[in-house]
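Student: just coords:
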């Protein structure tokens, strides 16, 4: 597969486009879902094309997350790794919380700083954590949202978090959740950036090996289904009852059973076959576009060989005007979508269907979403 975020600047770039093996493994011991042959992160993130503040649902999410951190733990200083364009730093600042962001993508951190946010360029390593603590003091909370699982060696981040925190400090993580992956058949999130899908059981095991004790856990709707986990360096701090409740639920649906994941693989293959066959037939007599040039879109258009799409709509200025990885379908603005008015729209960013339909309430064609099962919407 091509890289999910490997958008091409022009036709001239197509000849040099690379593809990479994408094999998903399941640990036979703990059933951790993972990619064991990662792509070099300097290749993955050299020109990152995802700006979180261009997605209204994410702006709303991070505003709520900032309020949750403030209300629940009342921090004065928060360090966020994978800070993107400052989408969490901004609402934290408005709440009177000092926020410092770290992100390895130069173009995204430059965008964050242009908006007045304190965001550093680089990986969140022990060396950087020491520098942060020396210059700014210890953080009350270290947090990362939808970024922890992008790292082939989570030990580096966990060691950095320990160095940045005091003895009673907290680590808060938001991650796409293996429970939602299984329940909603979200094979389209299994791409090269997402090296690991954690359950609470697997992340708790990893955190404990680095001295972190899980005190809170809850499922949240971000990115089609995620889990929010808070861990303390203070082993005496009590855990909320919801932690054990979620662990029991995970066992009940088979997150810790290898045969259940083998069935997931078979179901994913069938989902791809159904969507590919259905839209290939429709394309013979109707115009079809995609909506949402997210990583999921790269997965769908390549797995289903959708070279016939007229365009993929995306409001982000970092993507519009580029070409989709693999199929080289043009990524276009919502204005171009209005002008074309296609017969069908496959919402490749299907977890944002409601918001997309609100933004495009003029459209009278047929919307469709591929997951949790192929559905058509008037």
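Tutor: Yep, it's here. Since the model is a prediction, treat every value here as computed from it, not as a measurement. Numbering: from 1, shown residues only.

Student: Is the residue of the chain most remote from its centre in a helix, a strand, or coil?
Tutor: Distance to the chain centre peaks in the chain at residue 285, reaching 35.0 Å (criterion: CA atoms, centre = their mean). Three-state call for residue 285 (DSSP: H, G, I helix; E, B strand; the rest coil): coil.

Student: Residue 330 versus that one, what's the distance?
Tutor: Residue 285 is 22 Å from residue 330, where distance means CB to CB, to the nearest Å. (Each C-beta comes from the backbone N, C-alpha and C, glycine too.)

Student: Same check on residue 303?
Tutor: With CB to CB as the criterion, residue 303 and residue 330 are 20 Å apart.

Student: which of those two has more neighbours?
Tutor: Ranked by neighbour count (other CB atoms under 10 Å), residue 303 and residue 330 place residue 303 first, with 20 against 15.

Student: Just the pLDDT at that one, thanks.
Tutor: Per-residue pLDDT puts residue 303 at 97.

Student: Ok, residue 212 next?
Tutor: Confidence score, pLDDT, at residue 212: 98.

Student: that older thread, how about the contacts made by the residue farthest from the centre of the chain?
Tutor: By CB atoms under 8 Å, 6 or more residues apart in numbering, the contact set of residue 285 is empty.

Student: how does it look with 10 Å?
Tutor: Applying CB atoms under 10 Å, 6 or more residues apart in numbering, we find residue 285 in contact with residue 343.

Student: mind checking how far it is from residue 28?
Tutor: 48 Å.

Student: Check residue 76 too.
Tutor: Taken as CB to CB, the span from residue 76 to residue 28 is 44 Å.

Student: in what helix or strand does residue 62 lie?
Tutor: Under the criterion of DSSP states H and E, residue 62 resides in helix 56-73.

Student: about what we covered before: have a look at residue 76 and residue 28 and say which one is more surrounded.
Tutor: Using other CB under 10 Å, the more surrounded residue of residue 76 and residue 28 is residue 76, with 11 against 8.

Student: biggest helix in the chain by residues?
Tutor: helix 258-282 (DSSP state H).

Student: on contacts alone, who are the packing partners of it?
Tutor: strand 25-26, helix 178-183, strand 288-291, helix 295-303, strand 344-347, strand 366-369 (3 or more CB pairs under 10 Å, 6 or more residues apart in numbering; DSSP states H and E).

Student: quick one: strands adjacent to the fifth one?
Tutor: If I follow you right, that is strand 344-347. strand 288-291 (parallel), strand 366-369 (parallel) (DSSP bridges).

Student: Next: the shortest one.
Tutor: With DSSP bridges as the criterion, the sheet partners recorded for strand 25-26 are strand 33-34 (antiparallel).

Student: Report the mean confidence score over the strand it pairs with.
Tutor: 94.

Student: From the chain's centroid, how far away is it?
Tutor: 15 Å (CA atoms, centre = their mean, to the nearest Å).

Student: cool, stretch 99-116 as well?
Tutor: 18 Å.

Student: Show me the helices in the stretch 51-200 of the chain, by range?
Tutor: For the stretch 51-200 of the chain, helices defined by DSSP state H, counting those that start in this stretch occupy the ranges 56-73, 89-94, 106-114, 126-136, 154-164, 178-183, 200-208.
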